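Q: Here is a sequence with its predicted model. Questions after.
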There are 2 protein chains.
Amino acid sequence: MAPSAVTVGDKDVAHLPLKLGGKQNGANGHSEQHVDELQMESHDKTQYVLGSFRCLIADLCQQFKMGHPGSAMGMAAIGVALWKYAMKYSPENANFFNRDRFVLSNGHACLFQYTFLHLVGYKNMTFEQLTSYHSDRWDSYCPGHPEIEHEGIEVTTGPLGQGIANAVGLAMATKHLGAVYNRPGYEMVNNMTWVMIGDACLQEGLGMESIQLAGHWRLNNLCVIYDNNQITCDGSVDLCMAEDVNMKMRASGFEVLEVEDGNYDVESIVKALISARANQERPTFINVRTTIGVGSANANNAAVHGAPLGKEDIANIKKTYGMDVEKTLEVSQDVYDFFREAVPRGRQLENDWNDQLSRYSKEHPELAAEFKKRMKGEMLDDWTKYIPKKEDFSTEPTPSRKSAGNVCNPLAQNIGNFMVGTADLTPSVNMAWKNKVDFQNPNLRTACGINGDYTGRYIHWGIREHAMASVSNGMAAFQKGCILPVTSSFFMFYIYAAPGVRMGALQSLQVIHIATHDSIGTGEDGPTHQPIELAALYRAMPNFLYIRPCDSEEAAGAFISAVGAKDTPSMISVARQNVAQYPQYSSREGVQKGAYVFIEEEDADVTLIGVGAEMCFAVDTRKVLKEKHGIKARIISFPCQRLFEAQPIEYRREVLQNRSKAPRVVIEAYSVNGWERYADAGFSMHSFGHSLPREYVYGRFNFDADKIAAKIKPLVEDVRSNGIESLRGEFRDLNADYVRDVFH
Amino acid sequence: MAPSAVTVGDKDVAHLPLKLGGKQNGANGHSEQHVDELQMESHDKTQYVLGSFRCLIADLCQQFKMGHPGSAMGMAAIGVALWKYAMKYSPENANFFNRDRFVLSNGHACLFQYTFLHLVGYKNMTFEQLTSYHSDRWDSYCPGHPEIEHEGIEVTTGPLGQGIANAVGLAMATKHLGAVYNRPGYEMVNNMTWVMIGDACLQEGLGMESIQLAGHWRLNNLCVIYDNNQITCDGSVDLCMAEDVNMKMRASGFEVLEVEDGNYDVESIVKALISARANQERPTFINVRTTIGVGSANANNAAVHGAPLGKEDIANIKKTYGMDVEKTLEVSQDVYDFFREAVPRGRQLENDWNDQLSRYSKEHPELAAEFKKRMKGEMLDDWTKYIPKKEDFSTEPTPSRKSAGNVCNPLAQNIGNFMVGTADLTPSVNMAWKNKVDFQNPNLRTACGINGDYTGRYIHWGIREHAMASVSNGMAAFQKGCILPVTSSFFMFYIYAAPGVRMGALQSLQVIHIATHDSIGTGEDGPTHQPIELAALYRAMPNFLYIRPCDSEEAAGAFISAVGAKDTPSMISVARQNVAQYPQYSSREGVQKGAYVFIEEEDADVTLIGVGAEMCFAVDTRKVLKEKHGIKARIISFPCQRLFEAQPIEYRREVLQNRSKAPRVVIEAYSVNGWERYADAGFSMHSFGHSLPREYVYGRFNFDADKIAAKIKPLVEDVRSNGIESLRGEFRDLNADYVRDVFH
């Protein structure tokens, strides 16, 4: 292939007219925007800007002798193509609704993004801020990886694979909102999503799951730009990769473009980007050959990835690019002039869109009113009225996964903000509502008879739990509150999704995860499917609600807490099996406080902490304790530790009765880690589970009221004789024996 | 494509001679085995067996009205091709060293494997056992997913994607051991690894990571058999998959074969399997078209995936296949006769191999002696002598990641059992030793100048943490103790690897994970790279050692514990930054007990629990408490909770001084969950971290001896006034304020 060429498959597309945006039937542009012939800046000016940019990056890393210069330098021409020519955004209003979204999935190259944000005129990204990268400033807008809190950053990236997944979610949001709100002549939502990736996103499983989904859904508004520098931390990509990447991306449903000289050939990159926006069929993958640390003596070497280049090398780079060796952190007025037209261009873009919105509001007033609610992140209806009342629930034993469905289905059916999906467990998780329409590429309707299109709000994620969580983060990040993603799978498989769930918590993105088949009650599927230790992770995760309701009423409470937590993702953890209903005790209000008195008992000898599907053991044990052993027990229901911690100390003390002489015993078929804060003893799991039918597996691990009571009795007697003080300071595992008895 | 055809790319390979094994230069066979023309059984007999098998599966699921019949029925012909014709194994000795390994990655179809194990005559898999599937028998060999503990099962599968990763590890083990021990005329290790997958392994990120690696390493001894029935739980695969699978597998470096009629055409499947074994270039992917639940009225429907078919349907299936409708769980003598020749064939296979081993032992006595050690799972040398002595370590502040390298490198360099790798962090994790040779496809040496071949023991996993852990499980499962895999990455990214790490713990597979850059001390990379909550998961995980050494001496202790734990995987969690060395206090013996007295103090007012990289805060706080506040503190070093729990109660009480009046305070920059068992108060993290240089990030979250001491002082005073009893029952978070102060 000749240098400076862009190829689409076998076709040469270098002949593509250099147009930006314009009226492109069904493609991703702004129909009302003026169609301008693209004015490329002169070759010399462009090369001067590229050189300046690269020297600036080198200087920024040299300042504090830390940082990642290599990729940012290598991608300079891509950045110029994006921010100067191809991308639609408004520096004066980073949150302009219909802006193109840009995601830096190779987040370590953050200086790339920070520097362009500065150059094109984002207000907060002052030069002073830019130079705070890796400084000791706690209020820096330039952290070591891009963070969503800062202007111009769409999502927090860094853990590799996450950004590309988020980008898929952002593109889904556009497709969905466009399908729902656009009308002929009114393309209210039609932005592109651009995502930069390095090799990692083509290696990380999450990246590949996300690529599959983008191809499946034919997200033609997504463009993946591959910074193909053939270098990772370990050295040459040859050390660990021997794939035909282009072939693979085509197999996954992407249009594949190649740019031979990604270091300097801005024009070819621009052509490829424009071609991506114009694509009406499928997402685009642009394979751009770059050189990591281009200009450095160590260019094309892993050494430039994560360490500063050193003064001598930087001096040479400046010479190479014709910069003044004596000057550091230099941005000339010419460079600013090159970029700052982005400000009026963005203003115009926004004005045009606002004009369109005004006309749309007149022609489609009801739709526009709804659309404006979505823009503001408001729910389209009063969601509280769809939560079933206590009396709506059956009092017969009910699987709590079914209860969760009973609560979630009306919300999802009636409120357009909800987008609910499952990792291929529709028959098991009860999240599908009657007459649901799938989010799908509309062509599948004719091709395969699938009831879906982009207006659909039920998502078949396939067997891709990680992507389910991380792509959902992207949907939630599109505009705060606009879309409320709900995911679902077996609880055990949220261990696959954990990195994505964490990123949601870190970014304060509201996503609700419905984790069914929790605990050993899952039964026959055995220890591979029985979570023992996973709750410890989610209970320890900052800004996250792990809620384990014990019955339908508590499931309602769990949803009220989760839907109300606008800045916090939640997991509602429910059981596969039938669980007893306790309408006389359970309380949705109690759930919202994290824990509450379930059954009070005056002068109790012991407080039992019941949790989720194992509440039945607390209730039954209380009975046995009373009838067989003359021991009085009160019960606390404790569905969510974090909600409880947020209560006033007085409430917490009242519930726990921490000044009483009665010991507290938690009963849960998980590792007990974390409960020791609230309990003096635990009846818990000390091994993985076992494949047995539910009614046997609990018994196998001594979860049986008689056995539990028999272990609590001596504890109570000990306290009667020696006082509660004798107990405290040494947590007691009441069910630890079985590890020795059963397994050895 | 015509039915009953096998195609390799565009080539028709139906002309392949029907040979099993035989002397295939460089391919995967048993060179000494007799070359026989394959005698295929008659068409009628084969179809009878297939019908019998399918009816048996249907009956087995109907017994207890539970189970997964669909895939097992659909894959019947594949099973016949494998166990009757293509696979090399010995039912009388399931552990025959050079057996082919078979992995059922779609583990829910376990009845498929159990039934073939029974039919070919594995001793433990009696008919009685076979019929215990989904029964209440706790000692069933037929759990809901295959489990490694049982005869004929190579690895525990079920969580999708894990099996194919394990299979890659098993194939690596063969390649490596073969490269090290085979000699001309002596193919001591040359078995095939066969792995059955469903759609999930082509969707789960882990599956795709593993496929990439197998292609990269050109594991021509691996054959992936795709049960392509186009159905998942949600229904048609079209709901969530639109890939050209064959094209993708070719792009990933696989030979792709197709079998059109996988339901009945055993011969074509056999041809494809033989072709896979003969492949000298690359791994093979056999795309076999099957029908889920074939024979059932609901065939080709998700309904047959995970539920019994019902009596009526089963009666019809039996009619269809010419079986007696009145009989259930019927296996005729003809069926046994069809399969049981596997027993003498296996015996012969083993005898031949043993003969070969005898000759090999004579011709290559030293090599054979070493090989026999590996067979027995013994270390090739006394590993303890390679652990540095305390006096070998620098007393200057040292990054504990460097300490871990200093301990691990001599082990890895000198002991052939070690295979050490990293997820693309060679420059950061310090696990590469001098003159290491990479495990690589040997062609890369000439093609790219990479110093590697299959004898190599350093593994570049690429940016694939999950595959790193799960493939390592496969290597460890090849033969217990034969290979000791060591993985490495940033601790934060072990959240990606968690599902694999868990499967290792569940299977008692010894793998050592080196998790560097733990805690917020990681610094500039920011909250995406600073683990806060992840330790809670690994501390709660059964059969797992999470060890956080505080200095070089403790790092030595951590390795001693980890290498000694033959049935338990470990994670050694170390810091990026310099940490102080405490040769006067730290103790490798102490680490092996989980916790120990670091600095004793008579009549201490408080016990500080120091952990890992935050030990310095405990030591410095002790000093401040004494000098500024007149408070006497003792310090416990607490690197591993699980090792401590295994100590006698007397030791634990002695260390904790749980009868003393001094409160215990844990200091660790993680979520405190799980420490409440040992401590009355914690100085910990209550949010995600922050991007700041290490020397600032700790301070940002009040990790500072003065600030910590200031919080401990009132606690001590409270206890002095009101007694320790006043404290207990209510855990105190001494560092919780910052969440309000800083973030709100």
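A: Now that the structure is in, tell me what you want to look at.

Q: Apart from its chain neighbours, what residue comes closest to residue A:71?
A: In space, and not counting its chain neighbours, residue A:71 is closest to residue A:109: 3.8 Å by C-beta to C-beta, 6 or more residues apart in numbering or on different chains. Any C-beta I mention is one placed from the backbone N, CA and C, and that applies to glycine too.

Q: how many other residues sit next to the one you found?
A: Other residues lying near residue A:109 total 29 when counted by other C-beta atoms under 10 Å in any protein chain shown.

Q: who touches it in this structure?
A: Counting by C-beta atoms under 8 Å, 6 or more residues apart in numbering or on different chains, residue A:109 touches A:68, A:71-72, A:75, A:196, A:198, A:227.

Q: how near is the residue nearest to residue A:414 when sequence neighbours are not counted to residue B:546?
A: Closest residue to residue A:414 apart from its sequence neighbours, by C-beta to C-beta, 6+ apart: residue A:386 at 5.6 Å. Separation of residue A:386 from residue B:546 (C-beta to C-beta, to the nearest Å): 43 Å.

Q: now residue A:571
A: Noted for residue A:571: a distance of 23 Å to residue B:546, by C-beta to C-beta.

Q: Of these two, give the one with the bigger neighbour count.
A: A side-by-side neighbour count of residue A:571 and residue B:546, using other C-beta under 10 Å, places residue A:571 first with 29 against 26.

Q: which residue ranges form the helices in the stretch 501-650 of chain A?
A: Secondary structure of the stretch 501-650 of chain A (DSSP state H, counting those that start in this stretch): helices at A:534-540, A:552-564, A:588-592, A:615-629, A:641-645, A:649-656.

Q: where does chain A have low pLDDT?
A: A:1-37, A:740-744 (pLDDT under 70).

Q: In it, which residue sits nearest chain B?
A: residue A:205 (1.8 Å; C-beta to the nearest C-beta).

Q: Next up, the contacts around that residue.
A: Contacts for residue A:205 (C-beta under 8 Å, 6+ apart) come out as A:161, A:466, B:161, B:204-209, B:464, B:466-467, B:496.

Q: contacting residues around stretch A:656-665?
A: Residues outside stretch A:656-665 that contact it (C-beta under 8 Å, 6+ apart): A:604-609, A:634, A:636, A:652-653, A:678-683, A:712, A:715-716, A:719, A:723-724, A:727, A:734, B:729-730.

Q: For that stretch, list every residue counted as buried.
A: Neighbour-count burial for stretch A:656-665 flags A:656-658, A:660, A:662-665 (criterion: 16 or more other C-beta atoms under 10 Å in any protein chain shown).

Q: can you put the residues you listed in a markdown table and add distance to residue A:86 and secondary structure?
A: Shown next, in a markdown table, are the buried residues of stretch A:656-665 (distance: C-beta to C-beta, whole Å; DSSP: H, G, I helix; E, B strand; the rest coil):
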| residue | distance to residue A:86 | secondary structure |
| --- | --- | --- |
| A:656 | 59 | helix |
| A:657 | 64 | coil |
| A:658 | 61 | coil |
| A:660 | 67 | coil |
| A:662 | 68 | coil |
| A:663 | 66 | coil |
| A:664 | 61 | strand |
| A:665 | 63 | strand |
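
Q: ok, which pair from those residues is furthest apart?
A: A:658 and A:665 (14.2 Å; C-beta to C-beta).

Q: can you list the domains in chain A?
A: Domains of chain A are assigned by automatic domain parsing as A:42-348, A:383-579, A:594-743.

Q: Output those as CSV; include the columns distance to residue B:455.
A: Listed next are those as CSV, based on distance: least, C-beta to C-beta, whole Å:
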stretch, distance to residue B:455
domain A:42-348, 17
domain A:383-579, 34
domain A:594-743, 36
